[in-house]
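Colleague: need the 3D shape of this:
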Amino acid sequence: MIQTLILFDPTAPRASETGPVAAQSALRGLAGATVGFIDNAKPNFNFLADDLAELLQSRYGVAKVLKRRKSSASLPADPAVIAALSLECDVVIAGSGD
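Modeller: Numbers count the residues shown, from 1 in each chain. Model (predicted):
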């Protein structure tokens, strides 16, 4: 018996992703960029972030890496942390580990 599985993508593009702001703020490359990591406080993400940071700096010329840790995996990141990273970073990676 053949069954059909339908998958839905629950995300929607923000208005700025398709307008002139998105075109102006598109990341053109990683050389000289500042990359941020939001550690979700699960075991082992700190090791992954450390390894990725080293790789991004050595191979792709990332100038600076900032790491911030959430207080708990079950809570969202503090809005102040998100605001600060959005001002300081060219790209931010939110991670999961286990």
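Colleague: can you tell me the SS state at residue 68?
Modeller: strand (DSSP: H, G, I helix; E, B strand; the rest coil).
Colleague: residues contacting residue 76?
Modeller: With contacts defined as C-beta atoms under 8 Å, 6 or more residues apart in numbering, residue 76 is in contact with residue 70. In short, each C-beta sits where N, CA and C put it, glycine included.
Colleague: mind checking how far it is from residue 48?
Modeller: The gap separating residue 76 from residue 48 is 20 Å, by C-beta to C-beta, to the nearest Å.
Colleague: cool, residue 6 as well?
Modeller: Counting by C-beta to C-beta, the gap from residue 6 to residue 48 is 32 Å.
Colleague: mind giving me the packing neighbours of the longest helix anywhere in the chain?
Modeller: Longest helix in the chain, counting residues (DSSP state H): helix 45-60. Here helix 45-60 touches strand 34-39, strand 64-69, going by 3 or more C-beta pairs under 8 Å, 6 or more residues apart in numbering; DSSP states H and E.
Colleague: most neighbours per residue, which of the ones you listed?
Modeller: Mean neighbour counts were compared across the helices and strands packed on helix 45-60 using mean count of other C-beta atoms under 10 Å; the top stretch is strand 34-39, at a mean of 21.
Colleague: other residues contacting it?
Modeller: For strand 34-39, contacts defined as C-beta under 8 Å, 6+ apart pick out 45-46, 49, 52-53, 56, 62-70, 77, 81-82, 85, 88-95, 97.
Colleague: what pLDDT does the closest residue to residue 66 other than its chain neighbours get?
Modeller: Distances taken as C-beta to C-beta, 6 or more residues apart in numbering place residue 36 nearest to residue 66, at 4.6 Å, with adjacent residues excluded. For residue 36, the pLDDT comes out at 95.
Colleague: can you tell me how far residue 36 is from residue 96?
Modeller: 16 Å.
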